[in-house]
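Undergrad: got a structure for you, letters missing:
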């Protein structure tokens with residue numbers, strides 16, 4: 001997919017298994033939303049092939065649309081409509097919808113009352129958008145940033161709802177800026193950057209990466225120039241040192257208490273004041289920063 005001189009999706013190839021939760025992660029501008037919109041049939045790929053449930057989202061839209069649910073990143077409801085009205089209208093468009101009252105109660109939409117859509121909070125709009133995506137009993141549901149703006153309690157409810165959908169055989173494809181959400185929910189994660197797939201795997205596969213363990217060093221002020229190379233020289237050839245940002249780095253390899261002591265000694269010798277120094281495994285955020293060099297920003 002190209003927009004003028006910009007290639008938003010560049011020879012991207014990935015698959016999603018039925019009955020799973022799959023997260024598509026990437027920095028802003030990586031091509032996530034364009035990819036989902038192509039799968040949903042809103043955009044036609046300029047090259048390549050897209051199939052959802054074995055169907056072409058554009059040419060076979062009449063067959064596909066009743067079988068999928070789509071939660072847009074924004075919009076999808078009339079500005080003057082109230083949440084219950086909008087949900088009941090969408091339910092009436094489907095042959096065998098879920099009970100709107102059940103979804104309203106589950107997602108806390110009763111609190112919206114008679115407030116029109118244009119006056120709902122961002123979190124309330126998110127919940128209504130999710131309810132509209134699920135009301136038709138879809139086989140596949142695409143959700144773009146499903147918990148953005150939600151309070152922790154409602155966010156947990158949405159997670160539970162996704163777990164139940166998976167248990168019922170529904171396929172969920174989501175994008176999210178919350179790494180803990182992807183790590184908690186996803187059976188498989190695809191990381192894309194600049195329109196290309198750069199990593200795929202389960203959360204455990206991505207965070208383990210074939211290494212023994214890691215040491216994460218967070219400091220109080222930016223590292224001195226050449227810090228990663230200097231620290232690697234102090235630790236030895238079997239150790240990899242990756243700077244995540246100006247205040248943090250990770251040491252990967254056969255890290256143990258002895259390695260931890262060497263890192264501490266290096267800090268003392270180089271005038272680096274640690275804020276935290278922890279031995280453990282990499283987080284998904286660590287992996288993401290290593291691969292893209294950029295963080296996820298809402």
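TA: Okay, I see it. Being a predicted model, the structure only gives us computed values, none of them experimental.
Undergrad: Poorly predicted segments of the stretch 51-200 of the chain, please.
TA: 75 (pLDDT under 70).
Undergrad: which stretches of it form strands?
TA: 68-71, 140-144, 171-175, 188-193, 196-201 (DSSP state E, counting those that start in this stretch).
Undergrad: any chance of those in TSV, with distance to residue 35 and mean neighbour count too?
TA: C-beta coordinates here come from the backbone N, C-alpha and C atoms, glycine included. TSV is the format used below for the strands of the stretch 51-200 of the chain (distance: least, C-beta to C-beta, whole Å; neighbours: other C-beta atoms under 10 Å):
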stretch	distance to residue 35	mean neighbour count
strand 68-71	13	22
strand 140-144	10	23
strand 171-175	9	23
strand 188-193	7	22
strand 196-201	10	16
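Undergrad: Isn't residue 215 up against residue 276?
TA: No - under the criterion of C-beta atoms under 8 Å, residue 215 is not in contact with residue 276, lying 10.5 Å apart.
Undergrad: And the two? Which one has more around it.
TA: A side-by-side neighbour count of residue 215 and residue 276, using other C-beta atoms under 10 Å, places residue 215 first with 23 against 10.
Undergrad: Run through the bridge partners of the more buried one.
TA: According to DSSP bridges, the residues that bridge with residue 215 are residue 251, residue 279.
Undergrad: show me the contacts for it.
TA: The neighbours of residue 215, taking C-beta atoms under 8 Å, 6 or more residues apart in numbering as the test, are 250-251, 255, 259-260, 263, 277-280.
Undergrad: Now flag whichever of those is closest to residue 192.
TA: residue 250 (22.2 Å; C-beta to C-beta).
Undergrad: The spatially most central residue of the chain: what's it in contact with?
TA: Per C-alpha atoms, centre = their mean, the C-alpha nearest to the average position across the chain is that of residue 176, at 2.9 Å. By C-beta under 8 Å, 6+ apart, the contact list for residue 176 reads 23, 25, 145-147, 182.
Undergrad: now those in a markdown table, with neighbour count?
TA: Converted to a markdown table, those look like this (neighbours: other C-beta atoms under 10 Å):
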| residue | neighbour count |
| --- | --- |
| 23 | 25 |
| 25 | 27 |
| 145 | 21 |
| 146 | 27 |
| 147 | 25 |
| 182 | 25 |
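Undergrad: Make TSV out of the strands of the stretch 51-200 of the chain and add distance to residue 109.
TA: Output for those, formatted as TSV (distance: least, C-beta to C-beta, whole Å):
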stretch	distance to residue 109
strand 68-71	14
strand 140-144	16
strand 171-175	20
strand 188-193	30
strand 196-201	35
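Undergrad: out of those strands, nearest to residue 126?
TA: Checking the strands of the stretch 51-200 of the chain against residue 126 by C-beta to C-beta gives strand 68-71 as the closest, at 8.2 Å.
Undergrad: contacting residues for residue 186?
TA: By C-beta under 8 Å, 6+ apart, the residues touching residue 186 are 21-23, 174, 202-203.
Undergrad: Now with 10 Å, please.
TA: Contacts for residue 186 were tallied using C-beta atoms under 10 Å, 6 or more residues apart in numbering; they are 20-25, 162, 172-174, 176, 202-203, 206, 284.
Undergrad: now swap in residue 195 and tell me
TA: By C-beta under 10 Å, 6+ apart, the contact list for residue 195 reads 1-2, 6-12, 26, 29-32, 34-35.
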